[in-house]
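> Structure of the sequence below:
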Amino acid sequence: MTLVSTEPQRDVFFVSNSVDELGGVTSWSHQMARLLTGRGHRVHVVGITPSDVVQELGEVAYPMTTLYAGQPPRPGRAREASMREQAVRLTALFRAARPGAVVIVTQVWAMEWVAQADTRGLTVIGMSHESFEYSKASSRFQRVRKYYQDVDRMLALTREDADLWIGQGMNNASFMPNPLPFMPDVPSPRTEKAVVSIGRLHDQKGIDMLLDTWAEVAPRHPDWRLRIYGSGEDEEILKKQCTALGLDNSVDWMGRTSDVAGALRGGSVFVQSSRGEGFPLALMEAMATAVPCAAFDCAPGVHEIVHDGEDGLLATLGNTGELARRLDTLMSDKELRDGMGDRARINIQRYTTTEIVNRWEDLFSFLER
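Here you go, the predicted structure:
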């Protein structure tokens with residue numbers, strides 16, 4: 001049954017780099033769009049450019065708009081002229097909204113276009129879906145400071161990250177965790193001797209470090225397999241690394257999957273080897289499926305989701321030997337992983353969709369005052 005909110009029904013715009021690119025921000029945007037639509041709000045998802053690698057969205061119950069038919073011109077006068085032109089389109093969308101409308105900019109690159117549009121009378125929220133430290137190591141850091149400085153609220157994913165942004169002079173910073181992506185009725189039985197990884201085959205996800213980790217673990221557990229779900233630009237070089245490490249007989253390259261819950265139910269341990277994250281959905285999905293996690297503690301969102309030693313095990317970022325020991329601990333002790341998996345499924349429910357959507361609606365009302 002759909003629960004209609006007692007909050008005012010609003011027009012809500014989600015503005016991202018693309019409406020359907022592969023990645024967690026897109027998944028989050030459409031999950032929130034569905035949830036807010038279910039509460040009676042009128043949602044519109046806007047992207048700046050089309051995607052090179054498209055995520056399957058299925059049917060959507062709200063409009064989607066992409067500003068450019070291709071990529072915008074290179075920086076220069078032509079780029080500036082095109083941005084002004086597309087800002088006019090954004091302004092037209094925003095002007096058609098009812099009073100109390102909210103613009104949620106999910107990625108700071110997209111904010112460069114929103115900043116040129118007329119947002120008078122609208123609440124504008126800018127988001128960073130990565131940790132403060134990971135952002136600081138990229139070009140996005142200065143763009144956040146520039147383009148989110150004057151929005152109504154700049155949202156990080158954890159209180160720890162918000163405090164760090166405040167320390168940079170972003171006094172409008174606060175935080176909002178991600179909602180639980182799903183809560184499967186049937187958890188993993190944790191009977192298969194399989195460790196599961198789910199994520200893009202991209203440097204950020206650290207699959208190269210995972211293979212180095214597995215090279216230490218696999219000889220001690222010859223009856224276990226590592227299943228790597230995902231695709232990406234690093235696939236060829238990672239498979240070569242796998243072969244060079246002598247791991248071809250214990251690693252399964254599963255490709256992309258549209259059945260994340262099914263993939264997780266087929267595993268007894270989940271591993272995340274990322275160099276950087278925000279509030280990782282994959283960890284939440286694994287815990288909801290009652291699969292205990294071993295992960296690099298690469299962001300505040302990771303140690304907020306996983307209670308180290310209670311419902312999962314964390315290792316120092318980049319220390320593959322330590323991550324190997326965490327995996328070995330879970331793989332060697334069925335009673336331990338069963339206990340951690342059961343506690344993970346219970347603990348992760350503090351991020352239910354109802355709780356998080358209520359927090360969003362409370363924020364809308366607070367910022368409208």
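
> Quick check: most distant residue from the centroid of this structure.
Arg77 (34.2 Å; CA atoms, centre = their mean).

> Just the pLDDT at that one, thanks.
On pLDDT, Arg77 comes in at 95.

> need the contact list for it.
Contacts for Arg77 (CB atoms under 8 Å, 6 or more residues apart in numbering) come out as none. In short, each C-beta sits where N, CA and C put it, glycine included.

> how about it, phi and psi?
Main-chain torsions, Arg77, degrees, to the nearest 10: phi -60, psi -40.

> Same question for Leu35.
phi -70, psi -40.

> Wait, Leu201 touches Ile237, no?
No. Leu201 is beyond contact range of Ile237, at 9.0 Å (criterion: CB atoms under 8 Å).

> Same drill for those two, tell me which one is more crowded.
Leu201 (22 against 12; other CB atoms under 10 Å).

> I believe the more buried one is in a helix; please confirm or correct that.
No. Going by DSSP: H, G, I helix; E, B strand; the rest coil, the assignment for Leu201 is coil, not a helix.

> For the residue lying closest to it once chain neighbours are set aside, give its distance to Lys205.
Of all residues not flanking Leu201 in the chain, Gly232 sits nearest, at 3.4 Å (CB to CB, 6 or more residues apart in numbering). Distance from Gly232 to Lys205, counting by CB to CB, to the nearest Å: 8 Å.

> And the two? Which one has more around it.
Lys205 (26 against 17).

> which residues of the stretch 51-200 of the chain score low on pLDDT?
Across the stretch 51-200 of the chain, nothing is flagged by pLDDT under 70.

> which stretches of it form helices?
Applying DSSP state H, counting those that start in this stretch to the stretch 51-200 of the chain gives helices spanning 77-95, 108-114, 132-136, 140-147, 159-166.

> so which of those helices gets nearest Leu247?
When these are compared by CB to CB, helix 132-136 sits nearest Leu247, at 27.7 Å.

> next one: phi and psi at Ala96?
Main-chain torsions, Ala96, degrees, to the nearest 10: phi -80, psi -10.

> Distance check, it against Val46.
Ala96 is 13 Å from Val46, by CB to CB.

> what pLDDT, on average, does stretch 257-274 get?
96.

> same check, this time on stretch 297-313
The pLDDT scores in stretch 297-313 average 97.

> Which residues belonging to that stretch are considered buried?
297-306, 311-313 (16 or more other CB atoms under 10 Å).

> so what's Gln149 closest to, chain neighbours aside?
Counting by CB to CB, 6+ apart, the residue nearest Gln149 is Met170, at 6.8 Å.

> Quick check: can you name the pairing partners of the strand or helix carrying Phe270 and their directions?
Using DSSP states H and E, Phe270 maps to strand 269-272. According to DSSP bridges, strand 269-272 forms sheet pairs with strand 194-198 (parallel), strand 293-296 (parallel).

> quick revisit: Ala96 and Val46: which has the busier surroundings?
More crowded of Ala96 and Val46, by other CB under 10 Å: Val46, with 25 against 10.

> you'd agree the more buried one is in a strand?
Yes. Assignment of Val46 by three-state DSSP places it within a strand.

> is it in a bridge, and if so with what?
Going by DSSP bridges, Val46 forms beta bridges with Val15, Thr65.

> Report the separation between it and Val144.
Taken as CB to CB, the span from Val46 to Val144 is 19 Å.

> returning to what we had before: quickly note the distance from the residue nearest to Gln149 to Ile104.
Distance from Met170 to Ile104, by CB to CB: 17 Å.

> Among the two, which residue is more densely surrounded?
A direct count of neighbours by other CB under 10 Å for Met170 and Ile104 places Ile104 higher, at 25 against 20.

> if I read this right, that one contacts Val15, doesn't it?
Yes. Using CB under 8 Å, Ile104 is in contact with Val15, at 7.1 Å.

> quick one: pLDDT of Ser5?
Confidence at Ser5, expressed as pLDDT, is 53.

> Also Gly339?
So Gly339 comes in at 98 (pLDDT).

> cool, Thr49 as well?
Predicted confidence (pLDDT) for Thr49: 97.

> still on that earlier bit, would you point to the one among the helices of the stretch 51-200 of the chain that's packed deepest?
Across the helices of the stretch 51-200 of the chain, the average number of neighbours (mean count of other CB atoms under 10 Å) peaks for helix 108-114, which reaches a mean of 21.

> and the nearest residue to Ala33 once chain neighbours are set aside, what is it in contact with?
Distances taken as CB to CB, 6+ apart put Val43 closest to Ala33, at 4.6 Å, once the chain neighbours are dropped. Residues counted as contacts of Val43 (CB under 8 Å, 6+ apart) are Asp11, Val12, Phe13, Phe14, Ala33, Leu36, Thr37, Tyr62.

> Regarding Val43, what is its secondary structure?
Quick answer, by three-state DSSP: Val43 is strand.

> mind checking how far it is from Glu235?
Going from Val43 to Glu235 by CB to CB gives 34 Å.

> what do you get for Pro179?
When distance is defined by CB to CB, Pro179 is 30 Å away from Glu235.

> Who has more neighbours out of those two?
Ranked by neighbour count (other CB under 10 Å), Pro179 and Glu235 place Pro179 first, with 22 against 17.

> so who does that one touch?
Gln31, Met32, Leu35, Tyr351, Thr352, Thr353, Glu355, Ile356, Val357.

> Neighbours of the last one, how many?
Neighbours of Val357 under the rule other CB under 10 Å: 20.

> Equivalent analysis for the second one, please.
In terms of burial, Met32 registers 22 neighbours under the definition other CB under 10 Å.

> Just list whatever residues bridge to Ile125.
The partner residues for Ile125, given DSSP bridges, come to Ile104, Arg153.
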